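Participant: For reference, the sequence and a predicted model appear below.
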Number of protein chains: 2
Amino acid sequence: MARAAETIGWQQHRLARVALCWLVEPGHRPLGGMVRELGPVEVLRRLYTGAVPGRVSSAAAARLAAGDPVQRALQLAREGERLGCRVVVPEDDEWPVQVEDLVRIGRDADPRADPHTDPPILFWARGGRRIDEAAHRAVAVVGARAATDYGTHVTAELAFGLADRGWTVISGGAYGVDAAAHRGALAASGPTVAVQACGLDISYPMANAGLLERIGQDGLLLSEWPPGAGAQRHRFLIRNRVIAALSRGTVVVEASARSGTRNTARRARELGRIVLAVPGPITSGMSVGTNLMIRQDEARLVSTAAEVIEEVGRIGDDLAPIPQGVRTARDDLDAVSTTVLDAVPLRRAATVEEIAVAAGVSAQQVRRTVPLLSMLGFIEDTGVGYRLRPEQKPSGSAGEQPNIRG
Amino acid sequence: MARAAETIGWQQHRLARVALCWLVEPGHRPLGGMVRELGPVEVLRRLYTGAVPGRVSSAAAARLAAGDPVQRALQLAREGERLGCRVVVPEDDEWPVQVEDLVRIGRDADPRADPHTDPPILFWARGGRRIDEAAHRAVAVVGARAATDYGTHVTAELAFGLADRGWTVISGGAYGVDAAAHRGALAASGPTVAVQACGLDISYPMANAGLLERIGQDGLLLSEWPPGAGAQRHRFLIRNRVIAALSRGTVVVEASARSGTRNTARRARELGRIVLAVPGPITSGMSVGTNLMIRQDEARLVSTAAEVIEEVGRIGDDLAPIPQGVRTARDDLDAVSTTVLDAVPLRRAATVEEIAVAAGVSAQQVRRTVPLLSMLGFIEDTGVGYRLRPEQKPSGSAGEQPNIRG
């Protein structure tokens, strides 16, 4: 009996959260503060009686007048169940604790600033994976909807590389970069999480319906909005904080000058998460935002999945290799040998003395160096002097290190 | 008579520098130190008698044995005159004093490190401009010889913009980025300086002969090497320090992973000059070096001539504009108005109460907001409620700020 009573209490708790999250748009700081202090059941009770501060009552007023929140929550719970969605609350084992970092944002905020920055009150989830496990080692990959071929190509490569190394790719399920990120991760059979800004019964955008369906099967679909909630513009901004908070870092691939991706990146920064950006051609409008973030030290430049992991992985682990050009035998020569080699002519043979004059070193140094250069195949001894073997042509520019072929 | 004697002394001085700069490859630190201490005539005298330290005598030995340096200097001076070249020495008014900063490099250097980092002993110059004036407000623009179309396009734009704003573009006269930099500056009728790694009688590379000729007419050709000296590989590395030292900053446009451009950039950094790099597609081998320099904080990202000037110009002057997207009327709405607007349906009219429920705000807030939204043309009053005007479609993604069109 005690057990049944507990269960009822627990279900009340969960139902109260569903009701609250329907009454007030997610992330509402004043409401979140009350829930942390009093618990969801008590907050809901006070909302019925009007015993709540003005900011909370005015946020809830319109929907409170439109129907009974508990009745509505029961309906939503049934509807969610029918759709194969579960409600996950902070008391559940699979709750991703890192989203609680969102309390840091706006703690000292201007009261006129966006009030929707609080941690989620719940998640609607669809998919076989636990949220905490899926988001344990996770990177957000976000960017422009109007991505270029470059952007979608680079995103898919990056996401594949991350998933292939066991990292979860989190994004927003939108066109362009978001879709390429999910697809890249799925192609590597890696976990991917789409955080939606509408009810999980809605495929938004419609053209991604097939992709979202696959994420619901092989990955995880998350939303703070109940079934039936539409994809309204302001919800994307509210949602972005969750993408940032779930991940250890956010990678931006392509963003226009005033792209909202920078909003996700700002949230990540406010949360102390790593912010990374992929550079692009300065001639592309879709790289203006990313190049600017790098220029203004809002993001660190990354080019590969290994570099992303180096940044978001634990310190000391996961160091990315530094790109290296092709080493040639020439690279291993010391300075004198290189200077001597540069002084050996191609078309005729030169004596040791002639080479010394051309190189500006002593004849003795030339005599010491030529055997090695011959042995390495750079020069040949003609009997009357030395000349370059035909494949060793001189060259050089302001731009290129002479001993390297660009 | 005293005047004539002075003139003879002076010409001796100049001739001694020509002789020294022929005897030993430019930038030789031990030789440079002696010249600063004793003057070029005395150093030359001691070289004849062998009364110099081992490092200097061994550097000069081969050419000293090949001919009399004073005779050779007289020949070179005559040859230079015939070619329209002048010899510029530190005592001349047009000497660019900033190259003296090179004494900083390698002051504490490992004795086994490259000894050729000292300030120039002289310049061979061709062109009507004074060196000091041409290099007064100068930026180096360097990069890959094997530049892509992107690289040459971006370089030419950048150089045009710099020259158009009165900045001198300095480069190395090579293929690819170097040539595009000179061409861009010439197209803006701006001064440009090519610092060569061979005698000014030699057009290197040959394919740039026409360009170099034009630089010699409208700009300035400089070299530390006397007429007849060939373009040997190691000379490009020696020359790069001059490009870095003459300029207030160096911009790298395209560099492969192990490009020698990074050598010029390193010299610039050692000199306390600004180092900048243009990012490029991470899919391009020719942008690996530049992207890496940015990633490793060796260079700051730049996209425009204005940004370059902001970096190299005086503090407070020359601030580049921050890229802005197109502002729309929507951008000027406050948070409540945006939320209300997002809740107004497109296909049917909604009452104030319905909008309030959808938006999660009070009916009173909706009533206060709708007149402005109507006035701005976002919504229309149908008599039974409000609906969106057809051009206001909802949208949004993880990547895009809802109120902006990418």
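Facilitator: Received it, and whenever you're ready, just let me know what you need.
Participant: what's the spacing between the closest residue to residue A:34 other than its chain neighbours and residue A:50?
Facilitator: For residue A:34, ignoring the flanking residues on the chain, the nearest one in space by Cβ to Cβ, 6 or more residues apart in numbering or on different chains is residue A:43 at 4.9 Å. No exception for glycine: its C-beta is placed from N, CA and C like everyone else's. Look at residue A:43 and residue A:50: by Cβ to Cβ, to the nearest Å, they are 13 Å apart.
Participant: Who has more neighbours out of those two?
Facilitator: Taking other Cβ atoms under 10 Å in any protein chain shown, residue A:43 and residue A:50 do not tie; residue A:43 has more neighbours (26 against 9).
Participant: and the end-to-end length of stretch A:119-127?
Facilitator: This stretch, stretch A:119-127, spans 22 Å end to end (Cα to Cα, to the nearest Å).
Participant: Return the backbone torsion pair for the residue in the stretch 201-350 of chain A positioned nearest to chain B.
Facilitator: Going by Cβ to the nearest Cβ, chain B is nearest to residue A:260 of the stretch 201-350 of chain A, at 2.4 Å. For residue A:260, the backbone dihedrals are phi -70, psi -10 (criterion: degrees, to the nearest 10).
Participant: now swap in residue A:195 and tell me
Facilitator: Residue A:195 adopts backbone torsions of phi -100, psi 110, taken as degrees, to the nearest 10.
Participant: What residues does it make contact with?
Facilitator: A:170, A:171, A:172, A:173, A:222, A:223, A:239, A:242, A:243, A:246, B:398 (Cβ atoms under 8 Å, 6 or more residues apart in numbering or on different chains).
Participant: I'd like to know how far it sits from residue B:195.
Facilitator: From residue A:195 to residue B:195 the distance is 55 Å (Cβ to Cβ).
Participant: Point me to the helix or strand that includes residue A:277.
Facilitator: If you go by DSSP states H and E, residue A:277 is part of strand A:274-278.
Participant: That strand near chain B at all?
Facilitator: Yes - applying Cβ under 8 Å from any Cβ of the partner chain, one finds strand A:274-278 touching chain B at residue A:278.
Participant: now that strand: mean pLDDT?
Facilitator: Averaging pLDDT along strand A:274-278 yields 97.
Participant: Ok, stretch A:49-57 next?
Facilitator: 89.
Participant: do it and chain B meet?
Facilitator: No - judged by Cβ under 8 Å from any Cβ, stretch A:49-57 stays clear of chain B, getting no closer than 9.1 Å.
Participant: Do me a favour and get the backbone dihedrals for whatever residue of the stretch 51-200 of chain A ends up closest to chain B.
Facilitator: Evaluated by Cβ to the nearest Cβ, the stretch 51-200 of chain A has residue A:172 as its residue closest to chain B, separated by 2.2 Å. Here is the backbone geometry of residue A:172 (degrees, to the nearest 10): phi -110, psi 10.
Participant: tell me the domain boundaries of chain A?
Facilitator: A:2-82, A:123-312, A:329-388 (automatic domain parsing).
Participant: okay, those, which one's buried deepest?
Facilitator: domain A:123-312 (a mean of 24; mean count of other Cβ atoms under 10 Å in any protein chain shown).
Participant: and that one, how far apart are its ends?
Facilitator: End-to-end span of domain A:123-312 (Cα to Cα): 25 Å.
Participant: So what's the gap between that domain and the chain middle?
Facilitator: 6 Å (Cα atoms, centre = their mean, to the nearest Å).
Participant: Tell me which helix or strand residue A:340 sits in.
Facilitator: Under the criterion of DSSP H and E, residue A:340 resides in helix A:335-343.
Participant: residues in contact with that helix?
Facilitator: The contact list for helix A:335-343 (Cβ under 8 Å, 6+ apart) reads A:330, A:333, A:350, A:355-356, A:358-361, A:365-366, A:369-370, A:372-373, A:378-379, A:388, A:392, A:394, A:402-403, B:25, B:114, B:232-235.
Participant: next helix or strand past that helix?
Facilitator: helix A:352-359.
Participant: Where does pLDDT dip in chain A?
Facilitator: Residue ranges of chain A with pLDDT under 70: A:1-10, A:107-109, A:111, A:314-329, A:331-332, A:390-406.
Participant: sorry, back to before: in strands only, show me the contacts of helix A:335-343.
Facilitator: A:379, A:388 (DSSP state E).
Participant: quick one on the thing from earlier: quick one: list the elements packing against the strand holding residue A:277.
Facilitator: strand A:249-253, helix A:261-270, helix A:288-295, strand A:300-301, helix A:305-312 (3 or more Cβ pairs under 8 Å, 6 or more residues apart in numbering or on different chains; DSSP states H and E).
Participant: what's the angle between that strand and helix B:288-295?
Facilitator: Per axes from the mean of the first three to the mean of the last three Cα atoms, to 10 degrees, the angle that strand A:274-278 makes with helix B:288-295 is 160 degrees.
Participant: where do the strands sit along the stretch 51-200 of chain A?
Facilitator: With DSSP state E, counting those that start in this stretch as the criterion, the stretch 51-200 of chain A has strands at A:86-88, A:123-126, A:138-143, A:168-171, A:192-196.
Participant: how about the ones you listed in JSON lines, adding distance to residue B:56?
Facilitator: Formatted as JSON lines, those follow (distance: least, Cβ to Cβ, whole Å):
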{"stretch": "strand A:86-88", "distance to residue B:56": "78"}
{"stretch": "strand A:123-126", "distance to residue B:56": "76"}
{"stretch": "strand A:138-143", "distance to residue B:56": "58"}
{"stretch": "strand A:168-171", "distance to residue B:56": "62"}
{"stretch": "strand A:192-196", "distance to residue B:56": "66"}
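Participant: Go through the ones you listed and name the closest to residue B:271.
Facilitator: Of all the strands of the stretch 51-200 of chain A, strand A:138-143 sits nearest to residue B:271, with 38.0 Å by Cβ to Cβ.
Participant: rewinding a little: and the domains of chain A: which comes nearest residue B:85?
Facilitator: domain A:329-388 (21.1 Å).
Participant: Not counting sequence-adjacent ones, nearest residue to residue A:53?
Facilitator: residue A:30 (6.2 Å).
Participant: Then residue A:69?
Facilitator: In space, and not counting its chain neighbours, residue A:69 is closest to residue A:19: 3.9 Å by Cβ to Cβ, 6+ apart.
Participant: for residue A:226, same thing?
Facilitator: Using Cβ to Cβ, 6+ apart, the closest residue to residue A:226 is residue A:76 (4.4 Å).
Participant: Same question for residue A:213.
Facilitator: Excluding its sequence neighbours, the residue lying closest to residue A:213 (Cβ to Cβ, 6+ apart) is residue A:203, at 7.6 Å.
Participant: can I assume the one you found is in contact with residue A:215?
Facilitator: No - applying Cβ atoms under 8 Å, one finds residue A:203 not in contact with residue A:215, separated by 10.7 Å.
Participant: and residue A:139, what is it in contact with?
Facilitator: Neighbour list for residue A:139: A:162, A:167-170, A:247-251, A:308-309, A:312 [criterion: Cβ under 8 Å, 6+ apart].
Participant: OK, contacts around residue A:20?
Facilitator: Residue A:20 makes contacts with A:31, A:35, A:40, A:43, A:44, A:47, A:69, A:121, as judged by Cβ under 8 Å, 6+ apart.
Participant: ah, wrong one, I meant residue A:133
Facilitator: With contacts defined as Cβ under 8 Å, 6+ apart, residue A:133 is in contact with residue A:94.
Participant: mind redoing it with 10 Å?
Facilitator: A:94, A:96, A:168, A:191, A:220 (Cβ atoms under 10 Å, 6 or more residues apart in numbering or on different chains).
Participant: Residue A:40 too?
Facilitator: A:12-21, A:31, A:34, A:89-90, A:121-122.
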